[in-house]
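Asker: Let's see this in three dimensions:
(one chain, ligands or ions: 1)
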Amino acid sequence: MPHSTTTESTITVHPVTPPSGSTYNFGAELRGADLENLAESDKDIIIRALYENQVILFKNQQNLSPRGQYEVTRLFDPLAQGYGHGKTLDAKRSILHPDLKTIPTQSEVQVIGNGPVASFEGLKDIKLKHPHHKTFHQDVISDDEDRENTRFYRWHIDAALYDLDPPKATTLLAVKVPKTENMNLRYDDGSGDELKVPRGSTAFVSSYTMYDILSEEDKQFARTTKVQYAPHPYIWMSPAKSRSTGLGLHTSDLELPASSLPLIETSKIKTLPMCWRNPVTGKLALQIHPSAVQKLILADGTVIDDLKEVREIVYRLQRPGIAPSLVWPVDWEEGDFVVFNNRGVLHTVTGSFLEDEVRIFRQCNMAASDGVLGPEDDA
Ligand SMILES: [Fe+2]
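Answerer: Numbering: from 1, shown residues only. Just a heads-up that it's a prediction; the model follows:
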């Protein structure tokens with residue numbers, strides 16, 4: 001009998017069990033993977049696991065090389081380009097600029113975190129700064145409450161949203177994680193909603209659930225409405241301030257006018273469906289970057305371009321989906337390697353660190369080689 005050329009994968013998939021009181025239905029731990037040496041059968045399991053679970057976690061990956069991380073990220077889009085958050089990184093005025101540093105030997109991988117780092121992967125004497133909500137939210141938690149209390153910093157999709165297509169997957173490796181007491185995450189929107197989160201947790205919600213819990217009328221609206229993103233959105237929004245939930249911006253006419261932005265090429269402006277189809281399960285995600293949206297285009301062609309109204313509509317649709325019970329705040333341990341379906345979840349930084357608390361993460365994503373699937377597209 002001829003030998004088979006395919007080997008069976010050793011990888012097993014273990015869905016995350018939410019703690020009591022939580023009802024989120026995504027996330028899985030994958031065990032038995034050698035990420036530097038993946039067989040074809042392993043790759044198939046990982047890709048399917050991502051699209052079925054949205055966030056997949058591999059423990060004890062502290063030895064994963066930047067190259068290995070890049071290769072895992074590319075599994076989901078082998079033709080992807082080297083820009084995830086986009087060329088906006090070069091623009092000093094972009095709100096994304098201060099948070100990212102690139103690894104010299106693997107330019108698709110960035111270092112994020114907090115505190116002074118003498119040497120890491122070819123970078124010398126860098127100073128990392130964990131984003132703090134006080135730099136972005138309109139009103140903030142007072143200094144004396146700040147060590148115990150936090151907010152969702154900014155719910156988002158990793159995407160340039162101008163010219164380039166949203167990355168399919170983002171990978172995060174927790175290299176150094178200071179472990180301290182949990183924090184109390186406050187919504188501060190009058191709802192009384194709160195959530196216990198490990199300090200520095202990355203919080204995820206499923207955009208499939210966000211869609212599923214809408215009324216039938218809102219589902220119909222979401223399936224037939226398109227979202228037009230602002231040109232150079234991260235520069236455009238840079239003076240504007242966030243809602244206390246981190247889910248979109250207040251409207252005080254602070255956004256930069258076109259005359260203050262880099263050259264706008266109309267062909268590069270992104271108009272995307274409000275709902276994106278999962279390529280494996282076929283499910284629809286209500287997937288909107290709430291801060292970058294500028295206009296809505298309705299089924300009958302009507303354009304809603306009143307920014308306040310646009311944001312109110314998007315907020316009303318998205319806010320139920322970030323209820324405390326639906327949020328998975330990841331409790332990072334060193335060596336945790338997470339891949340998330342960037343087209344099916346929203347995520348945000350939380351927490352705050354003291355200036356000298358050192359935390360190091362490696363992040364990788366790449367602009368996609370093709371556009372998102374909309375409600376009309378087949379999985
Ligand atoms: Fe992100």
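
Asker: Longest helix of this protein, counting residues only.
Answerer: Assignment by DSSP state H gives helix 40-53 as the longest helix of the chain.

Asker: buried residues in stretch 321-334?
Answerer: 321-324, 326-330, 332, 334 (16 or more other CB atoms under 10 Å). C-beta coordinates here come from the backbone N, C-alpha and C atoms, glycine included.

Asker: now swap in stretch 113-127 and tell me
Answerer: Residues of stretch 113-127 classed as buried: 113-115, 117, 120-121 (neighbour count, 16+ other CB under 10 Å).

Asker: How about stretch 226-240?
Answerer: Applying 16+ other CB under 10 Å to stretch 226-240 flags 226-238, 240 as buried.

Asker: How far does it sit from its chain's centre?
Answerer: 17 Å (CA atoms, centre = their mean, to the nearest Å).

Asker: now it: mean pLDDT?
Answerer: What stretch 226-240 shows for mean pLDDT is 97.

Asker: quick one on the thing from earlier: would you format the buried residues of stretch 226-240 as TSV with distance to residue 44 and secondary structure included?
Answerer: Shown next, in TSV, are the buried residues of stretch 226-240 (distance: CB to CB, whole Å; DSSP: H, G, I helix; E, B strand; the rest coil):
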residue	distance to residue 44	secondary structure
226	33	strand
227	32	strand
228	36	strand
229	33	strand
230	38	coil
231	39	coil
232	38	coil
233	35	helix
234	35	helix
235	40	helix
236	40	helix
237	39	coil
238	42	coil
240	43	coil
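
Asker: Mind picking the two most distant members of those residues?
Answerer: Largest separation among the buried residues of stretch 226-240 by CB to CB: 226 and 238, giving 24.7 Å.

Asker: so where's the longest strand in this structure?
Answerer: Secondary structure of the chain per DSSP state E: the longest strand is strand 106-120.

Asker: Which residues are in contact with residue 136?
Answerer: 95, 153-154, 241-242, 246 (CB atoms under 8 Å, 6 or more residues apart in numbering).

Asker: All the helices of the stretch 101-250 of the chain, residue numbers only.
Answerer: Remark: helices assigned in the stretch 101-250 of the chain by DSSP state H, counting those that start in this stretch are 207-212, 216-224, 233-236.

Asker: Dump the ones you listed to JSON lines, plus distance to residue 296.
Answerer: Output for the helices of the stretch 101-250 of the chain, formatted as JSON lines (distance: least, CB to CB, whole Å):
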{"stretch": "helix 207-212", "distance to residue 296": "16"}
{"stretch": "helix 216-224", "distance to residue 296": "9"}
{"stretch": "helix 233-236", "distance to residue 296": "15"}
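
Asker: most packed of those helices?
Answerer: Among those, ranked by average contacts under mean count of other CB atoms under 10 Å, first place goes to helix 233-236 (a mean of 24).

Asker: Now that one - C-alpha only, CSV.
Answerer: C-alpha atoms of helix 233-236 as CSV (Å, rounded to 0.1, in the frame of the first residue of the first chain):
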residue,chain,number,x,y,z
PRO,A,233,-9.8,58.6,8.7
TYR,A,234,-7.2,58.6,11.5
ILE,A,235,-6.0,62.0,10.7
TRP,A,236,-9.5,63.3,10.0
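
Asker: Which of the buried residues of stretch 113-127 sits closest to residue 275?
Answerer: Nearest to residue 275 among those is residue 113, at 33.9 Å by CB to CB.

Asker: who's in contact with the closest one?
Answerer: Residue 113 neighbours (CB under 8 Å, 6+ apart): 128, 130, 175-176, 358-361.

Asker: Equivalent analysis for residue 263, please.
Answerer: Not one residue lies near residue 263 by CB under 8 Å, 6+ apart.

Asker: Find me the pLDDT at it, would you?
Answerer: We have a pLDDT of 95 for residue 263.

Asker: Quick check: phi and psi at it.
Answerer: Phi and psi for residue 263, reported as degrees, to the nearest 10, are phi -50, psi 130.

Asker: wait, isn't residue 271 in contact with residue 231?
Answerer: No. Look at residue 271 against residue 231 with CB atoms under 8 Å: they stay out of range, at 11.4 Å.

Asker: coming back round to it: out of the helices of the stretch 101-250 of the chain, nearest to residue 161?
Answerer: Closest to residue 161 of these is helix 233-236 (CB to CB; 5.1 Å).

Asker: other SSEs contacting that closest one?
Answerer: Taking 3 or more CB pairs under 8 Å, 6 or more residues apart in numbering; DSSP states H and E as contact, there are no helices or strands that helix 233-236 lies on.

Asker: next helix or strand past it?
Answerer: Next along the chain after helix 233-236, taking DSSP states H and E as the criterion, comes strand 271-273.

Asker: now that following strand, how far from the centre of its chain.
Answerer: 18 Å.

Asker: Just checking: what are the partner strands of the very next helix or strand once past that strand?
Answerer: Using DSSP H and E, the helix or strand that follows strand 271-273 towards the C-terminus is strand 275-277. Neighbouring strands of strand 275-277 in its sheet, by DSSP bridges, are strand 284-286 (antiparallel).
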